[in-house]
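Novice: whatever this is, show me its structure:
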Amino acid sequence: MRTVPTLIACLLVAGQLGASDALARSEKTLAYPRDQVWPTAVRFLVVDEHVKVIDKDPDAGYVTFELKDDGKVFRGSLEVVTVEREQRKAVKFVLQIEDRPDWLEIAMLSRLERKLRAELGAPAPARDKRPSDKDAPKDPPKDPPSKDAPKDPPRPDDGGPPISPTP
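Specialist: Alright, predicted model coming up:
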């Protein structure tokens, strides 16, 4: 089993040698726990998309695979990365398929999202951004007005017509 640095080094060397001139990359972030989506994502690739898994590492969160399309074989990878979005944990799926248009990756990620929703339900809703009453700052109590204090502070004369205190 290859390590992540070895895989990254291989991809960089392949890119420098011109083996892959067009590397598309599509992403989708969903609010599911990583430990729940990993088995579903791998099963999706094998069962639903009929790809051949070449290598996978659940700890690093990547799968490399071969996709047969138009009678040719294309290499691809799926990364499952934990991210924090709106103060909660989520997963970002990064899908790359060499020499294929990005719409193919986007369509595959949409099908993966449908599978996750079917198996795991809707993602957790976003937390309310409004502060709760218990978090609201409390104003210090105001001193009661004294009997000698004027009810309304005097207004400076701005040279305009007088304003009546009654409507």
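
Novice: after the biggest strand by length in the chain, which helix or strand is next?
Specialist: With secondary structure taken from DSSP state E, the chain has its longest strand at strand 72-85. The element immediately downstream of strand 72-85 (helix or strand, assigned by DSSP states H and E) is strand 88-97.

Novice: elements contacting that following strand?
Specialist: Here strand 88-97 touches strand 26-30, helix 34-43, strand 72-85, helix 102-120, going by 3 or more Cβ pairs under 8 Å, 6 or more residues apart in numbering; DSSP states H and E. For every residue, glycine as well, the C-beta is placed using N, CA and C.

Novice: export these to a markdown table and tack on mean pLDDT, mean neighbour count and distance to Asp55?
Specialist: Shown next, in a markdown table, are the helices and strands packed on strand 88-97 (pLDDT from 0 to 100; neighbours: other Cβ atoms under 10 Å; distance: least, Cβ to Cβ, whole Å):
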| stretch | mean pLDDT | mean neighbour count | distance to Asp55 |
| --- | --- | --- | --- |
| strand 26-30 | 93 | 16 | 20 |
| helix 34-43 | 94 | 16 | 12 |
| strand 72-85 | 93 | 16 | 9 |
| helix 102-120 | 95 | 15 | 18 |
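
Novice: quick revisit: partners of the longest strand of the chain, with directions?
Specialist: Its sheet considered, strand 72-85 pairs with strand 62-69 (antiparallel), strand 88-97 (antiparallel) by DSSP bridges.

Novice: where does the protein dip in pLDDT?
Specialist: 1-24, 126-165, 167 (pLDDT under 70).

Novice: of the strands paired with strand 72-85, which stretch is the most buried?
Specialist: strand 88-97 (a mean of 19; mean count of other Cβ atoms under 10 Å).

Novice: what residues does it touch?
Specialist: 23-34, 37, 41, 67, 74-84, 104-105, 108-109, 112, 123-124, 126-127 (Cβ atoms under 8 Å, 6 or more residues apart in numbering).
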